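Participant: just coords:
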């Protein structure tokens, strides 16, 4: 699964996504752990904000390999 | 002294002002009493809002014959 | 900072542009327009009358008070007088500030003050040909030292 | 009701016109612009990046929620992306309603929601040639079930 990165996260990873493998039945929290391991340079907070298929998702949401998962740094629109 | 009238007050008096005489040292309250007597058709509330020289004035303000005195119906700008 | 009582159409875009300045990050604009129904009656237009010299004085005083209260000189208030058909703007208020909260609060404070204390009156013209002065529940319009209950003042004047 | 993420200049006048309708007596417009100083640093411009499909989805959700909450369909929200020089509008929000309170409350609610939850980021470009992502204290941006203290989230991400 390619997890999408933006803004400061993308800069820190020097990439707009990071590839991680997720087991069948994995949850958002597992994806977070996998991203931490794969790209330790990303300054993730204790509980990163994650979106699954364009919706904010809590850590216990189950993700499928086909889902679009994105890590959302603190937003700054307006 | 010609006291200025507006909107519903002017309609009720069928005039844009009403002439009253005010003694030396008269106060706003005295002008109100004089207008009530001179033009009873004006639907004045218990304590009409009065402006003296373009400023809201309380009943105890002393008015001179040369002051511009106006009776202000409930405002409705905006 | 500029305020005006005007007899022509309000140019809302120009008013918004007028308050913008390089240090401002936020601009709040409020526009009052003539709507087609009021209290269930079909409106054809509204006639605005003002006690002009006093209305101008009050508009200026409100802008100066807002400048102090919200920390910006970038304020424009225009109020139109005369007969306005449906959809025309009767009042436009623009406030710009480096930050959004004072810009938003400022525009809101100004419209509330304006409605409470600027000596302007409106007469609605209805599609059935009748017309009537509107009293808009201006609670705060009593003079500073009056002390008369606003409801009583309103009740009698509305009659 | 319309929302958009756009790559061109915002036409604020057109957005205001778009929400007007005969039943509306009040129109509130909020415009965010690029200002010349932030935290004491001279700004040359701001680059806005968005997670486009999600940002569009959130903008639409905010407009629909505002329609229910404030009782009007006359809502337009546009947010610009890309590099904006000083003075350019980054966001424009227009809300029209028969009465002023919901129009004013609606525009304010929308800008606060937008800043809290729409996935858009800005990088300030300073006149000294440096640039930096801005974290704007988005307290409410955590996902519904997250529960992480916002300050902690912010503290780490700002580093």
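Facilitator: Structure received. Computed from a predicted structure; not experimentally measured. Numbering: from 1, shown residues only, chains lettered A, B, ... in the order given.
Participant: how many neighbours does residue 28 have?
Facilitator: Just so you know, I chose chain A. By other Cβ atoms under 10 Å in any protein chain shown, the residues close to residue A:28 number 25. Every residue, glycine included, has its C-beta placed from N, CA and C.
Participant: Chain C, not that one
Facilitator: 30.
Participant: do residue A:32 as well
Facilitator: As a burial measure, residue A:32 scores 20 neighbours (other Cβ under 10 Å).
Participant: so how far is residue C:8 from it?
Facilitator: Distance, residue A:32 to residue C:8, using Cβ to Cβ, to the nearest Å: 61 Å.
Participant: and if you look at residue C:48?
Facilitator: Here the criterion is Cβ to Cβ. By it, residue C:48 lies 13 Å from residue C:8.
Participant: and the residue sitting nearest the centre point of chain A, what does it touch?
Facilitator: By Cα atoms, centre = their mean, chain A has its centre lying nearest to residue A:71, at 3.6 Å. By Cβ atoms under 8 Å, 6 or more residues apart in numbering or on different chains, the residues touching residue A:71 are A:3, A:4, A:5, A:6, A:9, A:35, A:42, A:44, A:48, A:49, A:50.
Participant: pLDDT wise, what is residue C:159 at?
Facilitator: Looking at residue C:159, its pLDDT is 25.
Participant: same thing with residue C:33?
Facilitator: Looking at residue C:33, the pLDDT reads 97.
Participant: Could you see whether chain D lies near stretch C:44-53?
Facilitator: No: using Cβ under 8 Å from any Cβ of the partner chain, stretch C:44-53 never reaches chain D; the gap is at least 9.9 Å.
Participant: Would you mind listing the buried residues in that stretch?
Facilitator: C:44, C:45, C:46, C:48, C:49, C:50, C:51 (16 or more other Cβ atoms under 10 Å in any protein chain shown).
Participant: rewinding a little: now distance to residue B:54 and neighbour count too, for the contacts of residue A:71, in TSV please.
Facilitator: What follows is the contacts of residue A:71, written out as TSV (distance: Cβ to Cβ, whole Å; neighbours: other Cβ atoms under 10 Å in any protein chain shown):
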residue	distance to residue B:54	neighbour count
A:3	67	24
A:4	63	17
A:5	63	24
A:6	58	22
A:9	61	27
A:35	68	24
A:42	65	22
A:44	64	20
A:48	62	26
A:49	57	24
A:50	62	24
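Participant: now those residues as a markdown table including secondary structure?
Facilitator: Listed next are those as a markdown table, based on DSSP: H, G, I helix; E, B strand; the rest coil:
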| residue | secondary structure |
| --- | --- |
| A:3 | strand |
| A:4 | strand |
| A:5 | coil |
| A:6 | coil |
| A:9 | helix |
| A:35 | helix |
| A:42 | coil |
| A:44 | coil |
| A:48 | coil |
| A:49 | strand |
| A:50 | strand |
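Participant: now, which of these sits nearest residue D:69?
Facilitator: Nearest to residue D:69, judged by Cβ to Cβ, of the contacts of residue A:71 is residue A:49 at 23.8 Å.
Participant: what bridges to the closest one?
Facilitator: Listed beta-bridge partners, residue A:49: residue A:72 (assigned using DSSP bridges).
Participant: Let me know whether residue C:100 touches residue D:111 as I believe.
Facilitator: Yes: between residue C:100 and residue D:111 a contact is recorded at 6.3 Å, counting by Cβ atoms under 8 Å.
Participant: higher neighbour count, the two?
Facilitator: residue D:111 (24 against 21).
Participant: where do the contact lists of residue C:48 and residue C:8 overlap?
Facilitator: With Cβ under 8 Å, 6+ apart as the test, residue C:48 and residue C:8 both reach residue C:80.
Participant: picking that back up, out of the buried residues of stretch C:44-53, which touch chain A?
Facilitator: Okay, of the buried residues of stretch C:44-53, nothing touches chain A (Cβ under 8 Å from any Cβ).
Participant: Of these, just say which sits nearest to residue D:62.
Facilitator: Closest to residue D:62, out of all of the buried residues of stretch C:44-53 and judged by Cβ to Cβ, is residue C:46, at 33.2 Å.
Participant: From residue C:83, how far out is that closest one?
Facilitator: From residue C:46 to residue C:83 the distance is 8 Å (Cβ to Cβ).
Participant: Now do the shared contacts for these two.
Facilitator: With Cβ under 8 Å, 6+ apart as the test, residue C:46 and residue C:83 both reach residue C:125.
Participant: all helices for chain A, in order.
Facilitator: Taking DSSP state H as the criterion, chain A carries its helices at A:7-13, A:28-38.
Participant: what about the longest one and chain D, touching?
Facilitator: No: no part of helix A:28-38 sits near chain D under the criterion Cβ under 8 Å from any Cβ; the closest distance found is 8.8 Å.
Participant: Those residues of chain C touching chain D, which are they?
Facilitator: Counting by Cβ under 8 Å from any Cβ, chain C sits next to chain D at C:12-13, C:16, C:20, C:22-37, C:86-87, C:98, C:100, C:103-104, C:107-108, C:111.
Participant: Just the ones in helices from the residues you listed, please.
Facilitator: C:12, C:13, C:16, C:100, C:103, C:104, C:107, C:108, C:111.
Participant: hey, which of the helices of chain A is tucked in deepest?
Facilitator: helix A:7-13 (a mean of 21; mean count of other Cβ atoms under 10 Å in any protein chain shown).
Participant: what about it, distance to the chain center?
Facilitator: Put simply, helix A:7-13 sits 12 Å off its chain's centre (Cα atoms, centre = their mean, to the nearest Å).
Participant: same deal with stretch C:65-85?
Facilitator: 7 Å.
Participant: do stretch A:62-78 as well
Facilitator: 6 Å.
Participant: buried sites along that stretch?
Facilitator: A:63, A:67-78.
Participant: quick one, helices of chain C?
Facilitator: C:12-19, C:52-70, C:100-117, C:150-158.
Participant: Low-confidence stretches in chain C?
Facilitator: C:137-159 (pLDDT under 70).
Participant: circling back: the helices of chain A: which one's closest to residue D:128?
Facilitator: helix A:7-13 (19.0 Å).
Participant: what's in contact with the closest one?
Facilitator: Outside helix A:7-13, the residues touching it (Cβ under 8 Å, 6+ apart) are A:5, A:16, A:39, A:41-44, A:71, A:73, D:49, D:121, D:123, D:133, D:135, D:157.
Participant: The residue of chain A found nearest chain B - nearest residue in space that isn't next to it in sequence?
Facilitator: Of all residues in chain A, the one sitting closest to chain B is residue A:78 (28.2 Å; Cβ to the nearest Cβ). Leaving aside its chain neighbours, residue A:78 sits nearest to residue D:115 (4.4 Å; criterion: Cβ to Cβ, 6 or more residues apart in numbering or on different chains).
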